[in-house]
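> Predicted model follows, preceded by the sequence.
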Amino acid sequence: MPSPLLLALRRPADASFLARRLAAIAWGEGPPSPRSRTWLVETCRAELEWADAEWRHLAGDPGERTRGADPSRAWRLPHERAAARVVNCHLHLDADCWQLRELRPRLRGQRRATLDERLPAAGRLYWANAAAGTLGDYKRHLARRKLAWRCFLAAAADYHRLKALIERANLRIAA
């Protein structure tokens, strides 16, 4: 557990750091909308980079990573914890979307093979069983994606709420 004195020294990421970090990304076809999921996830990753760098600075950069939980996690500010949840939910959401994209053409091919009259009955039965298994996998990934999406939206709302509190506090301090 970090010392309360060092934890009090923690500060949220500067807006200029976040802007520089987001500007440095090679977006491909141009940057996405600032209201997009991709933009939010990259902003959260930048927040976590800031938190890790600040932990290394304040803790004297121990240089070696320990086994087990990352010790810098205990130093995260509340909005950084929410940012970590956003990134985690995005990874789960992305993995299930990828699985669904992989399963969709496989399921179509298996269903086509099930109806192919040129195949013997045993071959069509084999493909029918394979299609049933793939359909089960597809439904499981749909359910997981739905859950991951709900969790992502909740984590994003939490991040935005906590970030707004910090920004309001910074405005009061600056005034």
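Good, I have the coordinates.

> what packs against the helix or strand hosting Arg168?
In the assignment (DSSP states H and E), Arg168 maps to helix 121-174. Applying 3 or more C-beta pairs under 8 Å, 6 or more residues apart in numbering; DSSP states H and E, one finds that helix 121-174 contacts helix 37-58, helix 78-115. Using the backbone N, CA and C atoms, a C-beta is placed for each residue, glycine as well.

> give me that answer again for 7 Å
When contacts are defined as 3 or more C-beta pairs under 7 Å, 6 or more residues apart in numbering; DSSP states H and E, helix 121-174 packs onto helix 78-115.

> Return the mean pLDDT over the helix it packs on, rounded to an integer.
On average, the pLDDT along helix 78-115 is 96.

> and if you look at stretch 20-27?
88.

> Compute the first-to-last residue distance for that stretch.
14 Å (C-alpha to C-alpha, to the nearest Å).

> mind listing what's buried in it?
Using 16 or more other C-beta atoms under 10 Å as the test for burial, stretch 20-27 gives Arg21, Leu22.

> do the same with stretch 80-98
80-87, 89-90, 92-93, 96.

> Can I get these in a markdown table including distance to Gly136?
Below are the buried residues of stretch 80-98 laid out as a markdown table (distance: C-beta to C-beta, whole Å):
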| residue | distance to Gly136 |
| --- | --- |
| Glu80 | 39 |
| Arg81 | 36 |
| Ala82 | 34 |
| Ala83 | 35 |
| Ala84 | 32 |
| Arg85 | 29 |
| Val86 | 30 |
| Val87 | 29 |
| Cys89 | 24 |
| His90 | 26 |
| His92 | 19 |
| Leu93 | 21 |
| Asp96 | 15 |
